[in-house]
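**Q** Kindly return the folded structure for what I paste below:
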Amino acid sequence: MRSLLRSAAMAAVILLPASSFALDAPKGEVILTITGKLDHPNVGDTAQFDLVMLEALDGRKGTMETPWTTGKVEFSGPLFRAVLEAAGAHADKLKLIALNDYAAEVPVEDAFEIDSILATRMDGAPMPVRDKGPLFLVYPFDQDSSLYNEKYFSRSVWQIKTIEAE
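**A** Next up is the predicted model:
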């Protein structure tokens with residue numbers, strides 16, 4: 001009997017970490033949906049996030065100039081890679097789709113090799129739709145000036161609503 005209990009306890013410990021990867025369902029308004037190849041969907045076969053969920057992930061702040069803002073602006077939000085990891089997204093390519101259906105393909109490396117963020121805040125305030133919100137892919141122009149060019153500008157999608165992990 002003792003051996004059976006010990007085996008059951010060990011199985012529980014081994015299985016416990018897998019459950020820690022479960023993505024909770026959003027409680028607030030959904031502002032981001034990830035589709036495609038996902039290990040951690042939370043609503044059907046998609047991963048959906050509200051603002052609280054996104055802001056709970058590992059993130060960063062950066063003060064920088066962009067072609068779309070005046071002067072230096074502080075952007076903050078989750079790291080792009082943290083959002084993909086939370087969804088368990090594994091893809092060869094990513095497609096970011098905005099509220100107006102503008103879309104851009106973004107290499108997976110831009111999430112995992114660059115400290116790009118899905119900005120949820122500008123100068124500390126949530127970003128409204130009329131001002132590039134609710135999500136804006138911001139490259140770390142403050143950390144690497146070589147990113148300040150048309151290649152990365154074209155990938156800097158704002159008003160993001162969906163990420164397709166293909």
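**Q** list the contacts for the closest residue to L147 other than its chain neighbours?
**A** Ranked by CB to CB, 6 or more residues apart in numbering and with sequence neighbours excluded, the top spatial neighbour of L147 is Y139, at 4.8 Å. Glycine gets a C-beta too; all of them are placed from N, C-alpha and C. Y139 is in contact with D110, I114, S116, L147, Y152, R155, S156, counting by CB atoms under 8 Å, 6 or more residues apart in numbering.
**Q** Need these in JSON lines (columns: pLDDT).
**A** What follows is the contacts of Y139, written out as JSON lines (pLDDT from 0 to 100):
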{"residue": "D110", "pLDDT": "95"}
{"residue": "I114", "pLDDT": "96"}
{"residue": "S116", "pLDDT": "97"}
{"residue": "L147", "pLDDT": "97"}
{"residue": "Y152", "pLDDT": "97"}
{"residue": "R155", "pLDDT": "96"}
{"residue": "S156", "pLDDT": "97"}
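**Q** farthest pair in those residues?
**A** Greatest spatial distance among the contacts of Y139 (CB to CB): I114 and S156, at 11.9 Å.
**Q** quick one: which of the contacts of Y139 has the most company?
**A** Within these, S116 tops the neighbour count with 24 neighbours, counted by other CB atoms under 10 Å.
**Q** And that one, how far from A22?
**A** 26 Å (CB to CB, to the nearest Å).
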